[in-house]
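>>> the amino acid sequence is not available; the structure is as follows:
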């Protein structure tokens, strides 16, 4: 379970995060995935907080814990988290299959085994036969699905989503929200006892209300509960 203890971050004299303390809420009967949203306007510090959780950025003060243990000194690749960026960050020099297999290769799987698992994961979200395609030839929605599968195929204990729909047009964003949650449930097929946690950063309250069980707003460097 994720916990923040008095996490602070300043840019110059501006406090983006002001001794933020927070703990992952209890979510009974989540239906396969627990989704918590972090709302706030551009520049409020919500993406910075996500990067601190991921280990991509250091806090000025405070601590990040998982199951009561500090992970502040744990490197990114050993946290067991997956981060999906708003621009998807797919590798243009790799085909779809090898993009999805990348994280598995980083975990030590052979190229052959990683590709087999990648193809199976792609099939699970309706992208069977897409493995040999170039990512630059995919639609925005297809690129999003590939980015999601790449994040989930490594079976992370926490999925971090940074504005996952902002690169898409408004109509497509609405269409893909429900499909996105369904993709998570299908692709994230760990053991029955596995808790699937998703931290969603967004500026769109309608998006958060459709997807999240609970939400907080980051304002003035502090987290304020919304629902």
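Alright, I've got the coordinates. All values derive from a computational prediction rather than experimental measurement.

>>> and the spatially most central residue of the chain, what is it in contact with?
The centre of the chain sits closest to residue 160, judged by Cα atoms, centre = their mean, with a distance of 2.2 Å. Residue 160 sits next to 50, 53, 54, 81, 82, 83, 84, 199, 201 when contact means Cβ atoms under 8 Å, 6 or more residues apart in numbering. For every residue, glycine as well, the C-beta is placed using N, CA and C.

>>> let me see the mean pLDDT of the host helix or strand of it.
Element membership for residue 160, per DSSP states H and E: strand 158-162. Averaging pLDDT along strand 158-162 yields 92.

>>> where does the chain dip in pLDDT?
Applying pLDDT under 70 to the chain flags the ranges 30-32, 167-176, 178-195.

>>> before we move on, the earlier item: partner strands of the strand holding residue 160, parallel or antiparallel?
Its sheet considered, strand 158-162 pairs with strand 81-84 (parallel), strand 197-202 (parallel) by DSSP bridges.

>>> could I get the phi/psi values of residue 146?
Backbone torsions for residue 146, taken as degrees, to the nearest 10, come to phi -60, psi -40.

>>> quick one: the closest residue to it other than its chain neighbours from residue 116, how far?
Sequence neighbours aside, residue 96 is the residue nearest to residue 146 in space, at 5.6 Å (criterion: Cβ to Cβ, 6 or more residues apart in numbering). With distances taken as Cβ to Cβ, to the nearest Å, residue 96 is found 14 Å from residue 116.

>>> now do the strands in the protein.
2-11, 14-23, 34-39, 61-66, 69-70, 81-84, 158-162, 197-202, 214-219, 222-225 (DSSP state E).

>>> ok, residues contacting the fourth one?
Meaning strand 61-66. Strand 61-66 is contacted from outside by 1-8, 19-20, 52-53, 70-72, 79, 157-158, using Cβ under 8 Å, 6+ apart.

>>> returning to that earlier point: the residue nearest to the centre of the chain bridge partners, please.
Beta-bridge partners, per DSSP bridges, of residue 160: residue 83, residue 199.

>>> nearest residue to residue 90 in space, ignoring adjacent ones along the chain?
Closest residue to residue 90 apart from its sequence neighbours, by Cβ to Cβ, 6+ apart: residue 135 at 4.4 Å.

>>> burial measure for the one you found, as a count.
Other residues near residue 135 come to 20 when the count uses other Cβ atoms under 10 Å.

>>> quick one: contacts for it?
Residue 135 makes contact with 90, 91, 92, 94, 95, 96, 99, 143, 146 under the criterion Cβ under 8 Å, 6+ apart.

>>> make it 7 Å
Applying Cβ atoms under 7 Å, 6 or more residues apart in numbering to residue 135 gives the contacts 90, 92, 96, 99, 143, 146.

>>> how near is it to residue 146?
Residue 135 is 6 Å from residue 146, where distance means Cβ to Cβ.

>>> try residue 209
Between residue 209 and residue 146 the computed distance is 27 Å (Cβ to Cβ).

>>> before we move on, what about residue 225?
Here the distance between residue 225 and residue 146 works out to 34 Å (Cβ to Cβ).

>>> between the two, who's got more neighbours?
Using other Cβ under 10 Å as the criterion, residue 225 and residue 146 rank with residue 146 on top: 25 against 10.

>>> that one reaches residue 89, doesn't it?
No. Between residue 146 and residue 89 there is no contact under Cβ atoms under 7 Å: 10.8 Å.
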